[in-house]
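Asks: can you look at this prediction? I've put the sequence above it.
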Amino acid sequence: MAKFGELISAEKPVLIDFYTDYNDTESTIGTLRNVAAALGDKAKVIKIDIKKNEMLADALRVKGNPTFMIYKNGEMKWRQTGFQDANTLIGLVQQYV
C-alpha cells in the first residue's frame with residue numbers, strides 16, 4: 001500500500017484501471033494504450049489487478065470491474081465504474097494536466 005501512496009502522490013495525473021483477468025478484454029487494453037499514447041508524459045496510466053491486490057481494492061471500495069480512478073497530488077479527482085472509451089478518458093485526464 002505504501003507504493004500506491006507514492007504512485008498517486010505524483011504532480012501529474014495518474015489514471016488507474018482496476019481490473020480482473022477474466023474481464024480484461026483486448027478492447028480495454030487497446031483503449032488504455034491509446035490513452036497512454038495520447039497523453040505521453042503528461043500523465044501516468046496504470047493497470048492494477050483486483051485479485052492480486054485485494055487489500056488495496058477493498059480499502060478503496062472497488063466493487064465493479066473495471067473501475068477507473070484519476071489521482072493527482074495524492075487526491076482522488078474522479079472515479080467511475082464500467083467501460084470508458086479512450087476519448088472520454090483522455091478528456092478527463094487532460095482536465096488535471
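Replies: The structure has been received and is ready for your questions. Bear in mind the structure is a predicted one, so any value in this text is a computation, not a measurement.

Asks: biggest helix in the chain, by residue count?
Replies: Ranked by residue count and defined by DSSP state H, the top helix of the chain is helix 26-39.

Asks: and the helix or strand following it with helix 26-39, angle?
Replies: Once the chain leaves helix 26-39, the next helix or strand it forms, by DSSP states H and E, is strand 44-49. With axes from the mean of the first three to the mean of the last three C-alpha atoms, to 10 degrees applied, the angle from strand 44-49 to helix 26-39 works out at 160 degrees.

Asks: so how far is strand 44-49 off the chain centroid?
Replies: 5 Å (C-alpha atoms, centre = their mean, to the nearest Å).

Asks: not counting residues beside it along the chain, what's closest to residue 46?
Replies: residue 16 (4.9 Å; C-beta to C-beta, 6 or more residues apart in numbering). Placement of C-beta: from N, CA and C, glycine included.

Asks: hmm, that neighbour is touching residue 69, no?
Replies: Yes - Residue 16 lies in contact with residue 69 (C-beta atoms under 8 Å); the separation is 4.7 Å.
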